[in-house]
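A.B. asks: Fold the stuff below for me.
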Amino acid sequence: MKKKIARSCDNGQMPKIVDHEARRLELADAVGRVIARNGVNEVSIRSVAAEAGWSSGALRHYFATRDELLAFACEQVIQGVAARIINMRHTGTIHQAVRDALLETMPIDAQRHAEAAIAFAFLALGLSDPRLAKVQRTHFDSMYGLCLQIIRSLDTEGLLAPHTASTEVLARRLHAVVDGLSIQRLAGHLTPEIMITQLDAYLAEIILGTDESR
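C.D. replies: Next comes the predicted model:
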């Protein structure tokens, strides 16, 4: 191997260095494009390889099965959404900040529709595969954590509507509303506009002064 590298350098050629993590991320992006165009059921080793311009054999060097590929894609979705929310900069009202953060997780456009489709695909996939079930729990835990942070912030700022439930219970309710609306949108039962209207209606119930701030 050393002689081969030396010969390449002698010939004025640098040995090719493959960024394996970048290639895995490239495949995760391809999964998102396949889902956005054709739906999660069309995700396969062959379809994702074709989308990425790879051979199926080359893809299998990184992911041996469809489930491994989907699991990685879902993990990237969770991390990507979390990063976008963390990097948000708000200059408006608390209602707008809460609304923007929650909408970042919901299928309101093509990109976020694909991300939500990947994440919620694990509701069924996780029933038969412990590893995929773990990914689904990570998704739920991440979303619950966001909702709990929102509720606690509202409570600290004195902007939470009068309530008798704990902040943990209120966070579970907010999580249920967001996920319920997202699933109905993915199923085609709601348009993005109706989904957003319903989210706004719930936020108006739990945030004091929402009507004045919108």
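
A.B. asks: tell me which residues of the longest helix that the chain contains are tucked away?
C.D. replies: Taking DSSP state H as the criterion, the chain has its longest helix at helix 130-156. Of the residues in helix 130-156, 132, 135-136, 138-139, 142-144, 146-148, 150-151, 154 count as buried by neighbour count, 16 or more other CB atoms under 10 Å. (Glycine included, C-beta is placed from N, CA and C.)

A.B. asks: Packing partners of that helix?
C.D. replies: helix 66-86, helix 94-103, helix 110-125, helix 167-186 (3 or more CB pairs under 8 Å, 6 or more residues apart in numbering; DSSP states H and E).

A.B. asks: Buried residues in the last one, which are they?
C.D. replies: Of the residues in helix 167-186, those buried under the neighbour-count criterion (16+ other CB under 10 Å) are 167, 170-172, 174-175, 177-179, 181-182, 185-186.

A.B. asks: contacting residues for the nearest residue to residue 143 once chain neighbours are set aside?
C.D. replies: The shortest distance from residue 143 to any non-neighbouring residue, by CB to CB, 6 or more residues apart in numbering, is to residue 175 (5.7 Å). By CB atoms under 8 Å, 6 or more residues apart in numbering, the contact set of residue 175 is 140, 143, 144, 147.

A.B. asks: still on that earlier bit, I'd like the helices and strands packed on helix 130-156 written out as TSV, with distance to residue 158 and mean pLDDT added.
C.D. replies: Output for the helices and strands packed on helix 130-156, formatted as TSV (distance: least, CB to CB, whole Å; pLDDT from 0 to 100):
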stretch	distance to residue 158	mean pLDDT
helix 66-86	23	89
helix 94-103	10	93
helix 110-125	31	85
helix 167-186	13	97
